[in-house]
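J.: quick one, fold the following:
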Amino acid sequence: MPSPAQVRYAGFAGSLLLAVSAYLGGANRPWAPTITPGTIVAGDDGVLLPVSWLAGITLLIWAWWAGRRVVPSARWAYLTAGLWVLPLLPFLPLGSYDVYSYACQGWQQSAGLDPYAGGVDLLGCPWADAVAPTWTDSPAPYGPVFLLLAGLAAKVGGGSLTATVAGLRIVAVLGVLLIAVSLPALTRHTGVPLKRAVWLALACPLVPIHLVSGAHNDAVMVGLILAGLALAAARRPLLAGVLFGLAIGVKATAVVVVPFAVLLVFAPRKWRPAAALLGGVVAALAVVSLVSGRGFGWITGLTGSGVSVQWTSPPTAVGMTIGLFGINAVPVTRVAGIVLLAAVLVWLWWRALRGGDVWRNTGLAMAATVVLSPVFHPWYLTWALALLAVTVREETRWLVAPAAVASALCLPDGYNLALAVKTQGAVAMTVLLGYLGFKAIHAVKSSDPQPAGPGHAGDQLSRRDP
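T.: Numbering: from 1, shown residues only. Sure thing, here's the model as predicted:
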C-alpha cells in the first residue's frame with residue numbers, strides 16, 4: 001500500500017504533466033480539435049503531447065484510487081486536492097471548448113443582447129471562431145445566474161478572450177471552494193468521515209481537469225447545492241431555498257435536490273419551514289431572472305442541450321444499439337429514459353419520506369439523473385459524486401471506478417474518445433445497463449432506513465473500508 005506522501009506527489013506529478021499537455025495542446029482559438037487517436041498513432045502530435053497526457057492522467061487517476069485507503073486527515077486531503085489543481089490554473093482549458101461558449105454568452109449578456117434568442121451565428125461574438133460548431137446556433141442553455149456571472153467575466157475582461165476565460169475560471173474555482181467549505185457541515189449530519197468525503201469529492205481527477213481547467217459551470221451549481229443542503233440541515237430553510245434557487249439559475253438540473261431538501265426541514269404539522277424553503281427558491285429565481293434582464297426566456301433554451309448523441313448516455317446508447325437494425329430509436333429511448341428517471345425520483349423521494357435516509361436518497365437521485373439523462377459529459381459525474389461522497393459508508397469502488405474512467409475520456413483539446421468506438425460503445429453500454437441498474441437497486445436496498453448520524457451503527461467503517 002502506498003504512503004500518503006507517495007499518493008500526494010504522484011498525483012502532483014500527474015497534474016504537472018497534464019499542465020504540459022494543456023500548454024502544448026489544450027483547447028485553443030480558433031476551434032480546431034486536431035488531437036485524435038488517429039493523429040496520435042500517426043505521430044502528427046509529436047511525442048511529448050500524447051505522452052504527457054497519458055502519463056499525467058494515469059498518475060492522477062492512480063493517486064486518487066490508491067489514496068482512498070491512506071488519507072490521514074481531512075486537512076491533508078484538502079491540501080492535496082488543492083495542490084493537484086495549482087499546475088493547471090495558468091494554461092489552456094483541458095478536455096472541452098465549452099468555456100469559449102460561456103465567454104460568448106457572457107459577451108452577449110454584457111453587450112445587452114439576449115443569449116436566449118439565438119447562438120453566436122445569429123447574435124455574433126468577437127470570439128465566435130472558438131465556439132464548437134455544435135453550439136454555434138444554440139441559444140444559451142443555462143440559467144440567468146450563470147449569464148450574470150459570465151457577463152461580469154466578459155465585462156471585467158475588457159474585450160480580451162484570455163481575461164474573460166480567466167474570469168470564468170475564477171468563478172469555477174469559487175464554486176469548488178464552496179463545495180469544500182460545505183463538506184464539514186454535511187458530514188456532521190451524515191456521519192461519514194470528513195477526510196473520506198473530501199477525498200472523494202475534491203481529489204477526483206474530474207475536478208482539476210474539468211471543473212477547474214475546463215471552467216465548467218457545474219462547479220458553481222454543485223457548490224450552491226451543497227451549501228443549500230447544509231443550511232437546510234441547520235434549519236435555515238429560507239436561506240437554503242435562496243441557494244437552491246441560485247443553483248437552478250445556473251443549471252436547471254439542481255431542481256432534483258429541492259424535494260429532498262424539503263424533507264430535511266419538514267416536521268409533522270409544521271409546514272412553515274417547507275414553505276419558506278420553496279418560497280426562497282421561487283423568490284431567488286424571480287429576482288435573478290429580472291435582474292438579468294432576460295425574464296424567464298432561459299427556460300426555452302434548455303431544449304438545445306440534447307443535440308449531442310453519444311453512447312455514454314445509457315438511454316441514448318440503447319437507441320443507438322437498436323439503430324444498428326435500421327430503426328431510429330434514439331428519440332424514443334431518450335423519452336423512455338426521462339420517464340424512467342421521473343419514476344425513480346418519485347420512488348426515492350417516497351422512500352425518504354417513509355423514513356429512509358434522506359441524504360442517501362438525495363445522492364442516489366442525482367446519480368439517477370446523470371445515468372438516465374439524454375446527454376452525458378464526463379463532468380456531469382461531479383453532480384452525483386459530491387452528494388454521494390457525504391453519504392456513502394460502504395466500499396466505494398462502485399462510485400470511484402466510473403469517475404476514474406470518465407476522467408480519461410477527453411483528449412487535451414476536447415476530442416471525446418467515445419467517438420472512436422461509437423458502435424462498440426453503444427452495444428457495450430446496453431449490455432452493461434442491466435448491471436448498472438442492479439447495482440443502483442442494491443445500493444438503495446442496502447441503505448439503512450434509520451436517519452443517519454454520528455452514533456449510528458451504519459456509520460462505523462471497517463478498517464479495510466476507505
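J.: quick check: residue 73 touching residue 195?
T.: Yes. Using Cβ atoms under 8 Å, residue 73 is in contact with residue 195, at 5.6 Å. To be clear about C-beta, it is placed using only N, CA and C from the backbone, and glycine gets the same treatment.
J.: and these two? which has more neighbours close in?
T.: Neighbour count, other Cβ atoms under 10 Å: between residue 73 and residue 195, residue 195 has more, with 19 against 13.
J.: so what's that one up against?
T.: If a contact means Cβ atoms under 8 Å, 6 or more residues apart in numbering, then residue 195 has 71-74, 76-77 as its contacts.
J.: and after the longest helix along the chain, which helix or strand comes next?
T.: Counting residues, the longest helix found in the chain (DSSP state H) is helix 161-190. Note on helix 161-190: by DSSP states H and E, the next helix or strand toward the C-terminus is helix 194-202.
J.: that next one vs helix 161-190, what angle?
T.: Angle of helix 194-202 versus helix 161-190, following axes from the mean of the first three to the mean of the last three Cα atoms, to 10 degrees, is 150 degrees.
J.: and whichever helix or strand comes after helix 194-202, how far out from the chain middle?
T.: Using DSSP H and E, the helix or strand that follows helix 194-202 towards the C-terminus is helix 206. The chain centroid and the centroid of helix 206 are separated by 8 Å, computed with Cα atoms, centre = their mean, to the nearest Å.
J.: also stretch 256-272?
T.: Distance, stretch centre to chain centre, for stretch 256-272: 25 Å (Cα atoms, centre = their mean).
J.: what comes up buried for that stretch?
T.: By 16 or more other Cβ atoms under 10 Å, the buried positions in stretch 256-272 come out as 256-266.
J.: ditto for stretch 184-202
T.: Result for stretch 184-202 [16+ other Cβ under 10 Å]: buried residues 185-202.
J.: what is the end-to-end distance of it?
T.: Its start and end residues considered, stretch 184-202 measures 13 Å (Cα to Cα, to the nearest Å).
J.: what mean pLDDT does that stretch get?
T.: Averaging pLDDT along stretch 184-202 gives 95.
J.: and if you look at stretch 104-116?
T.: Here the mean pLDDT over stretch 104-116 is 95, rounded to a whole number.
J.: can you list contacts of it?
T.: 120, 123-128, 130-131, 139-140, 142, 147-155, 164, 168, 292-294, 297-298, 300-301.
J.: ok, now stretch 312-321?
T.: By Cβ under 8 Å, 6+ apart, stretch 312-321 touches 309-311, 328-334, 336-338, 340, 371-378, 409, 416, 418, 422-423, 425-427, 429-430, 433, 436.
J.: please, which helix or strand holds the nearest residue to residue 374 once chain neighbours are set aside?
T.: Spatially, and ignoring its direct neighbours in sequence, residue 374 is nearest to residue 334 (4.1 Å; Cβ to Cβ, 6 or more residues apart in numbering). Using DSSP H and E, residue 334 sits in helix 330-353.
J.: so what's the gap between the one helix or strand residue 121 maps to and the chain middle?
T.: Secondary structure from DSSP H and E places residue 121 in helix 120-123. In terms of Cα atoms, centre = their mean, the centre of helix 120-123 is set 27 Å apart from its chain centre.
J.: can you list contacts of the helix or strand following that helix?
T.: The first helix or strand that comes after helix 120-123 along the chain, using DSSP H and E, is helix 144-157. Contacts of helix 144-157 from elsewhere in the structure, counted by Cβ under 8 Å, 6+ apart, are 102-103, 105-107, 109-110, 115, 140, 163-168, 170-171, 217, 220, 246-247, 249-251, 288-289, 291-292, 294, 298.
J.: stretch 121-131 now?
T.: 28-31, 97, 100-101, 103-104, 107-108, 113-115, 117, 119-120, 136-137, 159, 161, 164.
J.: could you rerun that using 6 Å?
T.: For stretch 121-131, the external contacting residues (Cβ atoms under 6 Å, 6 or more residues apart in numbering) are 29-31, 100-101, 103-104, 107-108, 113, 120, 136-137, 161.
J.: about what we covered before: let's have the buried residues of stretch 256-272 in a markdown table, adding pLDDT.
T.: As requested, the buried residues of stretch 256-272 are arranged in a markdown table below (pLDDT from 0 to 100):
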| residue | pLDDT |
| --- | --- |
| 256 | 97 |
| 257 | 97 |
| 258 | 97 |
| 259 | 96 |
| 260 | 96 |
| 261 | 96 |
| 262 | 95 |
| 263 | 93 |
| 264 | 92 |
| 265 | 90 |
| 266 | 82 |
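J.: so which of those residues are in helices?
T.: Per DSSP H, helices hold the following members of the buried residues of stretch 256-272: 258-265.
J.: show me the shaky parts of the stretch 301-450 of the chain.
T.: 301-307, 435-437, 439-450 (pLDDT under 70).
J.: okay, strands next: where are they in the chain?
T.: Here the chain has no strands by DSSP state E.
J.: next, give phi and psi for the closest residue to residue 313 other than its chain neighbours.
T.: Sequence neighbours aside, residue 376 is the residue nearest to residue 313 in space, at 4.1 Å (criterion: Cβ to Cβ, 6+ apart). Dihedral pair for residue 376: phi -130, psi 130, per degrees, to the nearest 10.
J.: next: residue 34.
T.: Dihedral pair for residue 34: phi -100, psi -10, per degrees, to the nearest 10.
J.: buried residues, the helix holding residue 334. List them.
T.: By neighbour count with 16+ other Cβ under 10 Å, helix 330-353 contains the buried residues 330, 333-334, 337, 340-341, 344-345, 348-349, 351-352.
J.: residue 241 and residue 232, how far apart?
T.: Computed as Cβ to Cβ, to the nearest Å, the residue 241 to residue 232 distance reads 8 Å.
J.: also residue 116?
T.: 30 Å.
J.: quick check: end-to-end length of stretch 115-135?
T.: End-to-end span of stretch 115-135 (Cα to Cα): 12 Å.
J.: mind checking how far that stretch is from the chain centre?
T.: Centroid separation for stretch 115-135 versus its chain: 23 Å, with Cα atoms, centre = their mean.
J.: what of stretch 253-272?
T.: On the basis of Cα atoms, centre = their mean, stretch 253-272 sits 23 Å off its chain's mean C-alpha point.
J.: residues touching it, excluding its own?
T.: Residues outside stretch 253-272 that contact it (Cβ under 6 Å, 6+ apart): 221, 225, 232-233, 237, 244, 247-248, 273-274, 277, 349, 352, 358, 362, 365-366, 369.
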